[in-house]
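A.B. asks: Here is my input; please provide its structure:
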Amino acid sequence: MEQSNFFAISNTLQHWYEKNKRELPWRETNDPYIIWISEVILQQTRVNQGYDYFVRFIRRFPNIKALAEASEEDVLKQWQGLGYYSRARNLHAAAKQIEECFHGEFPKKYPDILSLKGVGEYTAAAIMSIAYRAPFAVIDGNVLRVISRLFMIDEPVDTARGKKTIAEIAQTILDPQHPDIHNQAIMDFGATLCKPKQPKCAECPLQAHCLAFAKNAVSKYPVKNKSTKTTKRYFHYFHIVYNNHTYIRKREANDIWKNLYEFPLIETPTSSTFPELQNTEAFCRIFKENRSIVFTHKLHIKHMLSHQIIYTDFYEAKIPASENFSLSNGFQKIPIDNISDFPVSRLIHKYLEKF
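C.D. replies: Below you'll find the model as predicted:
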């Protein structure tokens, strides 16, 4: 493809973007802090879902100093429901890093931005191009898909060689005079027109440049050769109700939902019925031989994570007020109405929304 076509692609994208761009608060500023927060929230999150979280997060932490000085529990609470909680922990750590290493000023050089906790090449390029208008091409899933279709990239995009090919093309078609507009345009274009399934090819302004469209092969791209291994896990949560109190504990193991709170949990290697749970050592440790407890199955949820499927059963355990009941091993006894004060996983949140 000739160099003139590269310019035409960028110009077409930018014209399309000016007419079709979504009005979003992070597009009304060149503040690198605001742009950084928006980019991290929108990783693995659709715009319509992430919008309200962004607004609340910025309202609570309007600047680097506010985020750095907050407690991790507060940060996780504001993030609750978004998932991928390592993003929130990394934001918090990076804000402290900026305070300590960059005197509270968001860094302006690519290597410095890349040095921040949790910041990868995509986020660093987005901040450099949008906040500072530096010529760094962004590569997210949308950009990867658009370029692989436009240029019929047969190299699998989940290989080092495929990623390098996409990155070189992305940098080649980038408009160095308007990298901020170009990058936002191509990302929006991939999200709204050149979608993974049912792309709107009939409406596409890049039809004349798209090699995959010319070959009627759009659905074949991007090419991938790795299948993601999914792990199945089986959780059984017990919502204890005792004298208007319940018990929760912070997850501290190096596992999903680290530092979030949850009800007493029994994890089993396979799906288990309630009678089978009653025969486990874990159940006996929690409830001893108390036969006056009334157990009610409340909810079954199949919860999908990126590489895990969590099959979860929630049980309510009502304990008579006359019983002498307590839990140790890190459990906190809290008023039932106070559970909303604690950051919990989206899975626990789904249960609390219903009950």
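
A.B. asks: where does the nearest residue to residue 159 once chain neighbours are set aside land in three-state SS?
C.D. replies: Ranked by CB to CB, 6 or more residues apart in numbering and with sequence neighbours excluded, the top spatial neighbour of residue 159 is residue 225, at 6.9 Å. (Each C-beta comes from the backbone N, C-alpha and C, glycine too.) Following DSSP: H, G, I helix; E, B strand; the rest coil, the label given to residue 225 is coil.

A.B. asks: How about residue 309?
C.D. replies: Residue 309 is classified as strand under three-state DSSP.

A.B. asks: Now do the contacts for it.
C.D. replies: Counting by CB atoms under 8 Å, 6 or more residues apart in numbering, residue 309 touches 230-233, 302-303.

A.B. asks: Same list as before, those that is, but in JSON lines and with neighbour count included.
C.D. replies: Below are the contacts of residue 309 laid out as JSON lines (neighbours: other CB atoms under 10 Å):
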{"residue": "230", "neighbour count": "11"}
{"residue": "231", "neighbour count": "9"}
{"residue": "232", "neighbour count": "12"}
{"residue": "233", "neighbour count": "16"}
{"residue": "302", "neighbour count": "9"}
{"residue": "303", "neighbour count": "16"}
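
A.B. asks: What are the buried residues along stretch 225-245?
C.D. replies: Of the residues in stretch 225-245, 233-242, 245 count as buried by neighbour count, 16 or more other CB atoms under 10 Å.

A.B. asks: Repeat that for stretch 293-304.
C.D. replies: Neighbour count says stretch 293-304 has 293, 301, 303 buried, by 16+ other CB under 10 Å.

A.B. asks: thought the first one was touching residue 318?
C.D. replies: This means residue 293. Yes. Here residue 293 reaches residue 318: they are 6.7 Å apart, a contact under CB atoms under 8 Å.

A.B. asks: coming back round to it: mind checking which of the contacts of residue 309 are in strands?
C.D. replies: 231-233, 302-303 (DSSP state E).

A.B. asks: Can you tell me which of these lies closest to residue 92?
C.D. replies: Distances from residue 92 to the ones in strands among the contacts of residue 309, taken as CB to CB, are shortest for residue 303 (24.5 Å).

A.B. asks: What count of nearby residues applies to the closest residue to residue 242 other than its chain neighbours?
C.D. replies: In space, residue 242 comes closest to residue 319 once its chain neighbours are excluded; the distance is 4.2 Å by CB to CB, 6+ apart. When neighbours are counted by other CB atoms under 10 Å, residue 319 registers 18.

A.B. asks: Distance-wise, check residue 319 relative to residue 9.
C.D. replies: Separation of residue 319 from residue 9 (CB to CB, to the nearest Å) stands at 66 Å.

A.B. asks: and what of residue 231?
C.D. replies: With CB to CB as the criterion, residue 231 and residue 9 are 41 Å apart.
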